[in-house]
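Q: everything below, folded, please.
(one chain, ligands or ions: 1)
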Amino acid sequence: MNSKLAAGQGECLVSVDLGDRSYPIHIGTEATGRFAAALKESLVDISHALVIYDAAVQSWATHLVDQIDQDSIRINQSAVPSGEPSKSIEQYAALLNWMLESGADRRSVIIAVGGGVIGDLAGFAAASFARGIRFVQVPTTLLAMVDSSVGGKTGINLAAAKNMVGAFWQPDLVWADTQSMETLPERSYLSGLAEVVKYGVIDDPPFFDWLAANASALVARDPAAMRYAIEQSCLSKARVVNEDERETSGRRAILNYGHTFAHAIEATAGYGTLLHGEAVSIGMQMAASLAIGLGRCDQDLLDRQTDLLTACQLPITFPQADIDAMLPVMMRDKKVAHGKLRFILPNKIGSVQLVGDIASADVCRAIEAHR
Ligand code: GLY
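A: Model prediction:
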């Protein structure tokens, strides 16, 4: 992964190296002026772009589209309502029909502007329309910049199961501009920091130390601090995706550190009570306590993680946690094997493992420790 490619002033470039599916991630601040050039560099022969954007970031989508020379690239635009309900079969079908009516063909390019919902939905439309067309991710939330826009997971929800229908479909370009987060609500921005902290714990001790020293700059949304944190997070994610693009070896599962607890918290507390990143923050605390209980790591890891999450103004406990309701949800998690719970557990900062055969009593103790 190369972060030393040619980049504009104050801009970083991370490359996701996946052979003929490789692509650059541009990370900048007020860099939109270079968007059209990056588009032409990364995608040859664009003559038609379909811009699919979250209705909440319409002005950012317009700002971006204004950079494109519309004499050479025909543009169609479609707003999608904000929120998880848009990852539905109905919204997906509506987009495909709109693409057809817009004259899309195999040379058309989708540009997805928004957070994880838009990236997943528009990415899946790109993966499936005409058996797959090119697409560009323009993430506008911190969570999407450091996680969902990178790595090629796309998909929609069924009524009873999140992300149940989808495809691995890599973008051709990711364009992350911190200026697009100016209108992002505080809670949503801070929740994205949980995924940033995750990379420090699972993969990168120096980055963990940097985060501990720079948490206040990140909370204050210092542009240089944000760019560095996004760059290091994308480098970590690119490393993991490079080793296990389609999640077949188990390596990619490490990105789910804290997520088994988090999904159970989200499902039982009612979706919307906590933001995803907030649940991940609490979930990482529970996972660290579980690791300590199993003698896999020492208390110091939990203490350092607690300090960092607290400095990022993230929740570290969930007093309403309903253990009896959470356990059955965890048993349905993708990481359950033959009825035994499996978790991503840390052994030291920068190193985690998929651990199987965990007794539910140990899991209950870990949840209890953070109620
Ligand atoms: N967000 C987890 C993954 O991309 O694998």
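
Q: surely residue 148 is in contact with residue 140?
A: No. Between residue 148 and residue 140 there is no contact under Cβ atoms under 8 Å: 11.5 Å. For every residue, glycine as well, the C-beta is placed using N, CA and C.

Q: what pairs with the one helix or strand residue 154 maps to, parallel or antiparallel?
A: Assigned by DSSP states H and E, residue 154 falls within strand 153-158. Each strand paired with strand 153-158, and its direction, by DSSP bridges: strand 161-168 (antiparallel).

Q: tell me who's in contact with residue 120.
A: 87, 148, 153, 154, 155, 156, 163, 166 (Cβ atoms under 8 Å, 6 or more residues apart in numbering).

Q: tell me the pLDDT of the first one.
A: Right, the one you point to is residue 87. Per-residue confidence (pLDDT) for residue 87: 98.

Q: thinking again about what came up before, how about the strand holding residue 154, which residues are buried there?
A: 153, 154, 155, 156, 157 (16 or more other Cβ atoms under 10 Å).

Q: residues in contact with it?
A: Here strand 153-158 has contacts from 84, 87-89, 91-92, 119-121, 123-124, 126-127, 163-169, using Cβ under 8 Å, 6+ apart.

Q: enumerate every residue touching residue 290.
A: 343, 345, 358, 362, 363, 365, 366.

Q: okay, those in TSV with pLDDT and distance to residue 104 next?
A: Listed next are these as TSV, based on pLDDT from 0 to 100; distance: Cβ to Cβ, whole Å:
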residue	pLDDT	distance to residue 104
343	96	43
345	98	45
358	93	48
362	96	52
363	96	47
365	97	53
366	98	49
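
Q: and stretch 147-154 with the ligand, contact?
A: Yes. Applying Cβ under 6 Å from any ligand atom, one finds stretch 147-154 in contact with the ligand at 147, 151, 153.

Q: for the stretch 101-250 of the chain, what lies in contact range of the ligand?
A: 147, 151, 153.

Q: okay if I get these as JSON lines plus pLDDT?
A: Formatted as JSON lines, those follow (pLDDT from 0 to 100):
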{"residue": "147", "pLDDT": "98"}
{"residue": "151", "pLDDT": "98"}
{"residue": "153", "pLDDT": "98"}
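
Q: and which of those is nearest residue 240?
A: Of all those, residue 240 sits closest to residue 151, with 8.0 Å by Cβ to Cβ.

Q: what about the closest residue in space to the closest one that isn't next to it in sequence, how many residues close to it?
A: Distance criterion Cβ to Cβ, 6 or more residues apart in numbering; nearest residue to residue 151, sequence neighbours excluded, is residue 241 at 4.4 Å. Applying other Cβ atoms under 10 Å, we find 25 other residues in the vicinity of residue 241.

Q: what residues of the one helix or strand residue 241 maps to count as buried?
A: Here residue 241 is covered by helix 223-243, with elements defined by DSSP H and E. Judged by neighbour count using 16+ other Cβ under 10 Å, the buried positions of helix 223-243 are 225-242.

Q: packing partners for the helix or strand following that helix?
A: Per DSSP H and E, the first helix or strand lying C-terminal to helix 223-243 is helix 259-269. Counting contacts by 3 or more Cβ pairs under 8 Å, 6 or more residues apart in numbering; DSSP states H and E, helix 259-269 packs against helix 276-293, helix 323-331, strand 341-348.

Q: got a list of contacts for the next helix or strand along the chain from the first one?
A: Same thing as helix 276-293. Downstream of helix 276-293, the first helix or strand assigned by DSSP H and E is helix 299-311. Under the criterion Cβ under 8 Å, 6+ apart, residues 194, 197, 200-201, 208, 211-212, 215-216, 219, 281, 284-285, 288-289, 291-292, 316, 346, 348-349 lie in contact with helix 299-311.

Q: if we use 10 Å, what do you get?
A: The contact list for helix 299-311, computed with Cβ atoms under 10 Å, 6 or more residues apart in numbering, reads 193-194, 196-198, 200-201, 208-209, 211-216, 218-219, 258, 280-282, 284-285, 287-289, 291-292, 314-317, 346-349, 369-370.

Q: check stretch 352-362 too.
A: Contacts for stretch 352-362 (Cβ under 10 Å, 6+ apart): 198, 201-203, 250-251, 253-258, 287, 289-291, 293-294, 296-297, 323, 327, 330-331, 335-338, 340-347, 365-366.

Q: low-scoring pLDDT stretches of the protein, where are they?
A: 1-9, 271, 334-338 (pLDDT under 70).

Q: now do 90
A: 1-11, 69-70, 159-162, 250, 269-273, 331-342, 357 (pLDDT under 90).

Q: now do the spatially most distant residue from the centre of the chain against the ligand, distance only.
A: For the chain, the largest distance from the centre (Cα atoms, centre = their mean) belongs to residue 71, which lies 34.1 Å off. Look at residue 71 and the ligand: by Cβ to the nearest ligand atom, to the nearest Å, they are 38 Å apart.

Q: before we move on, back to that, which one of the contacts of residue 290 is nearest to residue 267?
A: Nearest member of these to residue 267, counting by Cβ to Cβ, is residue 363, at 15.2 Å.

Q: angle of the helix or strand where the closest one lies against helix 276-293?
A: Using DSSP H and E, residue 363 falls within helix 360-368. Inter-element angle recorded for helix 360-368 and helix 276-293: 130 degrees (by axes from the mean of the first three to the mean of the last three Cα atoms, to 10 degrees).

Q: next, the angle strand 153-158 makes with the helix holding residue 241.
A: Using the same axes, to 10 degrees: helix 223-243 against strand 153-158 is 90 degrees.

Q: for helix 223-243, list the C-alpha coordinates in PDB.
A: What follows is helix 223-243, C-alpha atoms only, in PDB (Å, rounded to 0.1, in the frame of the first residue of the first chain):
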ATOM      1  CA  PRO A 223      -8.100  19.100   9.300                       C
ATOM      2  CA  ALA A 224      -4.500  17.800   9.300                       C
ATOM      3  CA  ALA A 225      -5.300  15.400  12.200                       C
ATOM      4  CA  MET A 226      -8.400  14.200  10.400                       C
ATOM      5  CA  ARG A 227      -6.500  13.600   7.200                       C
ATOM      6  CA  TYR A 228      -3.800  11.700   9.000                       C
ATOM      7  CA  ALA A 229      -6.300   9.500  10.900                       C
ATOM      8  CA  ILE A 230      -8.300   8.800   7.700                       C
ATOM      9  CA  GLU A 231      -5.000   7.900   5.900                       C
ATOM     10  CA  GLN A 232      -3.800   5.600   8.600                       C
ATOM     11  CA  SER A 233      -7.200   3.900   8.900                       C
ATOM     12  CA  CYS A 234      -7.400   3.400   5.100                       C
ATOM     13  CA  LEU A 235      -3.800   2.000   5.100                       C
ATOM     14  CA  SER A 236      -4.800  -0.600   7.700                       C
ATOM     15  CA  LYS A 237      -8.000  -1.500   6.000                       C
ATOM     16  CA  ALA A 238      -6.200  -1.700   2.600                       C
ATOM     17  CA  ARG A 239      -3.700  -4.100   4.200                       C
ATOM     18  CA  VAL A 240      -6.400  -6.400   5.600                       C
ATOM     19  CA  VAL A 241      -8.500  -6.300   2.400                       C
ATOM     20  CA  ASN A 242      -5.300  -7.000   0.300                       C
ATOM     21  CA  GLU A 243      -4.800 -10.200   2.400                       C
END
